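K.L.:
need a structure here:
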Amino acid sequence: MHKTRVFSGVQPTGNLHLGNYLGAIKNFVDLQNKYECVYCIVDLHAITNHQNPKELKSNILETVASFIASGLDPEKNIIFNQASVAAHSELAWIFNCVARIGWMNRMTQFKEKAGANKENASVGLMVYPNLMAADILLYKATHVPVGEDQKQHLELTRDIAKKFNNDFNCKDFFPIVEPLIPKEISRVMSLRDGKKKMSKSEDSDFSRINLKDDKDLIDKKIKKSKTDSASIPSEINGLKNREEAANLISIYASINNIKIEKVLKEFGGKNFSTFKSKLSESIIEKICPIGKEIKKLLKNTNYLYKILQKGSKRADLIAKNNLKEIYEIIGLIKFS
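P.N.:
Here you go, the predicted model:
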């Protein structure tokens, strides 16, 4: 029986937005009161695409600041960056030898990220799902909070765990990890196009609410967000094929910790101008204090480095013990 442990990783993209908060970080804060949690800034995943070194380092620190500002407790949780624990890369290589090429070829996110020019994509981008599996299984995590777009990667992690356990006749060595899927919103869409995920990479800054946006900018972005001419429906069926309307309703529900049905009951029949004012107020109330705290923390980089250093030591202790067992199971010789 494995000890219950939650693992999740966030790429250091910098300038985190409402989608990152509602889709992941808000859930992390809730989970820290229920489980032992390991939260990793996955900087090795980030370099599957070329990164500016100065920006990467800055983005790592900003991600830590965003975690702390949002309510994650560095004493209660293990918060660290992936590159500080070498065992991630070591186990990823082992999993490169366990996973099958056919499994990699079926990963839809590689096709999406590589685009039409797959031949020029890095090998790291192709096999990064194996590193993701290593991130999780290195700590023998039993649960991973995931959104709809990450389910395939979790299935791969489960397949790798099963194959390793079977290949080396070590039943139950790696746990078969279970998903933790939030009951409400887990995927926030663009404010300009309800069919696209909210993303830092979208050209228009008005497509997203950044965690460091001030109240005036948040209000302006919500007022300019795309909707349709119809009024707000009273039932969920009325949101069918109304992606932008559904997105704003979902954001309001999530930011206020209420069900979508309750939102529709309150605003059904009303126009979106009235609703947008209330939505703007809710986002400002929740996000602005986080943004102010992020800016404050970024002025104290020594504190952020100390969080990473302490978290890395705690993570490394678990990782080294588990990796030692893995090497012994495989038959590899390691002296340190």
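K.L.:
how's the protein carved up into domains?
P.N.:
5-186+301-330, 205-296 (automatic domain parsing).
K.L.:
measure the last one end to end?
P.N.:
Length of domain 205-296, first residue to last, C-alpha to C-alpha, to the nearest Å: 23 Å.
K.L.:
use 50 as the first number from now on
P.N.:
Shifting the count to begin at 50 puts that one at domain 254-345.
K.L.:
in the helix or strand hosting residue 143, what counts as buried?
P.N.:
Element membership of residue 143 [criterion: DSSP states H and E] is helix 136-147. The neighbour-count check on helix 136-147 (16 or more other C-beta atoms under 10 Å) flags 136-137, 139-141, 143-144, 147 as buried. All C-beta atoms are positioned from the backbone trio N, CA, C, and that covers glycine.
K.L.:
in a markdown table: the domains of the chain, plus mean pLDDT and distance to residue 248.
P.N.:
Below are the domains of the chain laid out as a markdown table (pLDDT from 0 to 100; distance: least, C-beta to C-beta, whole Å):
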| stretch | mean pLDDT | distance to residue 248 |
| --- | --- | --- |
| domain 54-235+350-379 | 92 | 7 |
| domain 254-345 | 95 | 7 |
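K.L.:
for residue 242, find the nearest of those domains.
P.N.:
domain 254-345 (7.0 Å; C-beta to C-beta).
K.L.:
how far is that closest one from where the chain is centred?
P.N.:
21 Å (C-alpha atoms, centre = their mean, to the nearest Å).
K.L.:
ditto for stretch 374-385
P.N.:
On C-alpha atoms, centre = their mean, the centre of stretch 374-385 falls 32 Å from that of its chain.
K.L.:
in the stretch 150-299 of the chain, what residue spans correspond to strands?
P.N.:
192-194, 227-229 (DSSP state E, counting those that start in this stretch).
K.L.:
show me what the first one is packed against.
P.N.:
Counting by 3 or more C-beta pairs under 8 Å, 6 or more residues apart in numbering; DSSP states H and E, the packing neighbours recorded for strand 192-194 are strand 54-59, helix 75-80, strand 227-229.
K.L.:
would you mark the buried spots in the helix or strand where residue 326 lies?
P.N.:
Per DSSP H and E, residue 326 falls inside helix 321-346. For helix 321-346, a neighbour-count test (16+ other C-beta under 10 Å) marks 321, 324-325, 327-329, 331-333, 335-337, 339-340, 342-343, 346 as buried.
K.L.:
repeat that for stretch 83-92.
P.N.:
84-92.
K.L.:
now the end-to-end length of it.
P.N.:
27 Å.
K.L.:
gap between it and the chain center?
P.N.:
Distance, centroid of stretch 83-92 to centroid of chain: 10 Å (C-alpha atoms, centre = their mean).
K.L.:
for stretch 97-107, same thing?
P.N.:
Distance, stretch centre to chain centre, for stretch 97-107: 18 Å (C-alpha atoms, centre = their mean).
K.L.:
next, count neighbours for the closest residue in space to residue 254 that isn't next to it in sequence.
P.N.:
Distances taken as C-beta to C-beta, 6 or more residues apart in numbering place residue 270 nearest to residue 254, at 8.0 Å, with adjacent residues excluded. Residues near residue 270, counting by other C-beta atoms under 10 Å, number 22.
K.L.:
cool, residue 134 as well?
P.N.:
Applying other C-beta under 10 Å, we find 26 other residues in the vicinity of residue 134.
K.L.:
return the distance of it relative to residue 152.
P.N.:
25 Å (C-beta to C-beta, to the nearest Å).
K.L.:
just residue 351 next, same as before
P.N.:
For residue 351 relative to residue 152 (C-beta to C-beta), the value is 43 Å.
K.L.:
who has more neighbours, these two?
P.N.:
Comparing residue 351 with residue 152 by other C-beta under 10 Å, the one with more neighbours is residue 152, at 16 against 6.
K.L.:
let me see the contact set for that one.
P.N.:
Each residue near residue 152 by C-beta atoms under 8 Å, 6 or more residues apart in numbering is listed here: 205, 208.
K.L.:
how much space between it and residue 172?
P.N.:
Distance of residue 152 to residue 172, computed by C-beta to C-beta: 15 Å.
K.L.:
kindly report the same for residue 130.
P.N.:
22 Å.
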